[in-house]
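K.L.:
A predicted structure for the sequence below; I have some questions about it.
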Amino acid sequence: MALWLDTLEMGRGPNGWMTGFYRASEAIFKRPPAELTEDEFLRLVAVLIAPANYDLRGEDMALDDRVERIKRLVAAQCAPMDRGDVWLEGCR
């Protein structure tokens with residue numbers, strides 16, 4: 001696994017703040033990233049932009065919205081408004 005993935009801030013988990021994509025996957029979903037569903041994987045991807053703003057531990061409508069935007073982006077159903085559109089406003 002790429003070393004930089006171990007340093008990513010991933011938000012709060014069951015035992016406090018989580019660092020590392022793989023560790024977050026294990027802590028939240030009890031499985032490694034390769035075994036996650038698409039939605040589970042995208043939830044982890046979605047928090048990367050602002051881990052303190054989203055809650056992987058439970059229901060989070062803002063996180064659900066971000067996951068849906070990412071899904072539309074990946075399916076080529078939308079595009080960011082410009083290179084600065086990290087929140088994917090162009091995919092609302």
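P.N.:
Received the coordinates, thanks. What you see is a predicted model, and the numbers here were worked out from it, not measured in a lab. Residues are numbered from 1 along each chain as shown.
K.L.:
measure stretch 44-61 end to end?
P.N.:
Terminal residues of stretch 44-61 lie 15 Å apart, using C-alpha to C-alpha, to the nearest Å.
K.L.:
ugh, wrong one, I meant stretch 15-25
P.N.:
End to end - C-alpha to C-alpha - stretch 15-25 spans 13 Å.
K.L.:
so for that stretch, what gets flagged as buried?
P.N.:
18, 20-22, 24-25 (16 or more other C-beta atoms under 10 Å). C-beta: built from backbone N, CA, C; applies to glycine.
K.L.:
TSV for these, including secondary structure?
P.N.:
Output for those, formatted as TSV (DSSP: H, G, I helix; E, B strand; the rest coil):
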residue	secondary structure
M18	strand
G20	coil
F21	helix
Y22	helix
A24	helix
S25	helix
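K.L.:
strands of the protein, start to end?
P.N.:
For the chain, applying DSSP state E gives strands covering 9-13, 16-19.
K.L.:
so what strands line up beside the longest one?
P.N.:
Pairing partners of strand 9-13, with direction, according to DSSP bridges: strand 16-19 (antiparallel).
K.L.:
pull the CA atoms of the partner strand into CSV?
P.N.:
Coordinates of each C-alpha in strand 16-19 appear next as CSV, following Å, rounded to 0.1, in the frame of the first residue of the first chain:
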residue,chain,number,x,y,z
GLY,A,16,-11.1,8.7,18.4
TRP,A,17,-9.5,10.4,15.5
MET,A,18,-8.4,8.1,12.6
THR,A,19,-5.4,8.4,10.4
